[in-house]
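Asks: output the structure for:
(one chain, ligands or ions: 1)
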Amino acid sequence: MEEEKKLARNNRINIRKQKRPKVCSDKNGDGFGKEKKTQPLADITNRQHFPRLNYTPLESCAHASSSQSQAQYPNLPTQQHLQFGLSTSNVQTNFLLPDLNEIPLLPELDDVNIDGDVAEINDATEDEDDYEEAELTNDELKNRCLQKLENLLKGCGRTLYDFPTMPTPVFNEEEVDNTNRLICEELRYNRCSLSKEHEQLLVKLTSEQKLVYDRIIKSVNEDKGGFFFLYGHGGTGKTFIWRTLSSAIRCKGDIVLTVASSGIASLLLLGGRTSHSRFAIPLNATEDSTCNIKQGTPLSKLIVKTKLIIWDEAPMMHRYCFEALDRTLRDILRFKDASNLDRLFGGKTVVLGGDFRQILPVIPKGTRQDIVNVTLNSSYLWNHCQVLKLTKNIRLERNQVDSHLNDLRQFSDWILAIGDGMIGNSVDGIDKVHIPDDLIINNCDDPICRLWKVHIRIF
Ligand SMILES: Nc1ncnc2c1ncn2[C@@H]1O[C@H](COP(=O)(O)OP(=O)(O)OP(=O)(O)O)[C@@H](O)[C@H]1O
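Replies: Numbering: from 1, shown residues only. The predicted structure is shown next:
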């Protein structure tokens, strides 16, 4: 027993000390004992399957292939399972990239694609790789691979520039920050299917929806910033426009942040979050509050890269929340361009949406005046806001077969008229609205049961 433990300990030590793999497999996978050949990087990257590969850090390849070969060839000494070597003192270029074709033990390549789960194969890189699923072009994939190698080498006090035959990565500000989990999450969408979705949604837009879409997309494309409010009552297609806008931008590999004032509303948005959670808005925002986002953090980098911010159900939020976001974006984005300090939301395109007839901010025991004072349109921001309107209730129009369509139309018009202050008399500051008889449940023993039956009948 002691002997076995000693042997195992020696094996581990030998593996760690090993500066380069002593053996590797050949094309047939059974050629242990041959020296590893040096291959130019281009031979490897130009192979047909390469674009489908998720890049895998060297340690992962070594780990994955090593454990699989152990499963297949249990009788081989442990060292012979290690197929790649990366020494802290002596890195050989021919070991930097796994020779994927020539190592059949490196698991099924079809499983290791850009949508795949290297992380599942390799526990060691689970945290690191599970967000690296953004769709990449061949060049981006190659560059990421090289960036990762460069980072690994830097950890060893070396650099790819030490190896003249190796290509070098491009690191620049606009480059995808693949260590930023927040950015990677926002780039994870399937661009191809989003592009198709966008085409389908775009042709369906009504003329007033198309006008709204064009205004916002123009602002995003020109990158000059803009502050919009999309005003439309229920069923006019606000969510439909959010989907069209976000698919248009995301299918190009750009970032849209979709938030809503409430958790339930955020569920209707693809990638939606609550605004408090996404922008770290203080729970009790005051007149001078800023969001809890520090310069240089992953969240601030995500915001810098964002093309469009969509904020649904905005009217129910206290105006201090929007003002806090405005101050924070100016502060973050002034480092990109000093003039952003003087621009609304730091020059980002921000679209809020909702209906002021619906829920307004809740002020405990507040008067009407208190509530009006804290709504968005009492903010300094509102003076700079471009209000876009949707008026046609598409939800109703799509239900033309519904035998209760007329009832629904009447009810919808009546509710809107109340919201617009067209119905009701003001007596001593209190508005009184007459409810039509057909909407009142009279003479009933069990009103809740009756209401339930009526509700089911109509909807
Ligand atoms: N141009 C369109 N073509 C086809 N269907 C549409 C169109 N616009 C909206 N719809 C449909 O109408 C319904 C209502 O739209 P949507 O949910 O976007 O409205 P909304 O303004 O967000 O409503 P609410 O405020 O109640 O959430 C949805 O089923 C949506 O798919």
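
Asks: mind checking the SS state of Val387?
Replies: The local conformation at Val387, judged by DSSP: H, G, I helix; E, B strand; the rest coil, is strand.

Asks: give me the neighbour count for it.
Replies: Val387 has 11 neighbours, counted by other Cβ atoms under 10 Å. C-beta here means a position set from N, CA and C on the backbone, and glycine is covered the same way.

Asks: just Ala248 next, same as before
Replies: 24.

Asks: could you point out which element follows the strand or helix carrying it?
Replies: In the assignment (DSSP states H and E), Ala248 maps to helix 238-250. Using DSSP H and E, the next helix or strand after helix 238-250 towards the C-terminus is strand 255-260.

Asks: list the contacts of that following strand.
Replies: With Cβ atoms under 8 Å, 6 or more residues apart in numbering as the test, strand 255-260 has contacts from 183, 186-187, 242, 245-246, 249-250, 266, 268-275, 278-279, 302-303, 305-313.

Asks: burial count for Leu390?
Replies: 23.

Asks: who touches it in this structure?
Replies: Leu390 neighbours (Cβ under 8 Å, 6+ apart): 208-209, 212, 230-232, 236-238, 241.

Asks: ok, now Glu397?
Replies: Glu397 touches nothing, counting by Cβ under 8 Å, 6+ apart.

Asks: pretty sure it is in a helix, no?
Replies: Yes. Under three-state DSSP, Glu397 sits within a helix.

Asks: list the buried residues for the longest helix seen in the chain?
Replies: The longest helix of the chain (DSSP state H) is helix 138-155. Buried residues in helix 138-155, counted by 16 or more other Cβ atoms under 10 Å: 140-150, 152-153.

Asks: pLDDT at Phe32, what is it?
Replies: Note for Phe32: predicted pLDDT of 40.

Asks: nearest spatial neighbour of Thr159, skipping sequence neighbours?
Replies: Leu153 (5.5 Å; Cβ to Cβ, 6 or more residues apart in numbering).

Asks: before we move on, what about Arg395?
Replies: Gly235 (3.1 Å).

Asks: and that neighbour, how far is that from Leu416?
Replies: 11 Å (Cβ to Cβ, to the nearest Å).

Asks: His434 now?
Replies: For His434, the distance to Leu416 - Cβ to Cβ - is 16 Å.

Asks: neighbour count winner among those two?
Replies: Leu416 (17 against 8).

Asks: for the more buried one, pull up the helix or strand it's in.
Replies: Going by DSSP H and E, Leu416 is in helix 405-419.

Asks: what residues does the next helix or strand after that helix touch?
Replies: For helix 405-419, the following helix or strand on the C-terminal side (DSSP H and E) is strand 425-427. The contact list for strand 425-427, computed with Cβ under 8 Å, 6+ apart, reads 431-432.

Asks: got it, and stretch 240-252?
Replies: Contacts for stretch 240-252 (Cβ under 8 Å, 6+ apart): 189, 191-192, 194-195, 197-198, 201-202, 204-205, 209, 212-213, 216-217, 220, 230, 255-256, 258, 269-271, 307-308, 310, 312, 351, 353, 390, 394.

Asks: so which of these are in strands?
Replies: 230, 255-256, 258, 307-308, 310, 312, 351, 353, 390 (DSSP state E).

Asks: where does the prediction get shaky in the stretch 251-400 of the chain?
Replies: 398-400 (pLDDT under 70).

Asks: go again using 50 as the cut-off
Replies: Within the stretch 251-400 of the chain, not a single segment meets pLDDT under 50.

Asks: residues in the protein within reach of the ligand, list them.
Replies: Within the chain, the positions near the ligand by Cβ under 6 Å from any ligand atom are 204-206, 209, 232, 234-240, 394-395, 398.

Asks: may I see the ChimeraX selection of the buried members of these?
Replies: In ChimeraX, a selection of the buried entries from the residues of the chain next to the ligand looks like this (16+ other Cβ under 10 Å):
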select :205,209,232,235,236,237,238,240,394
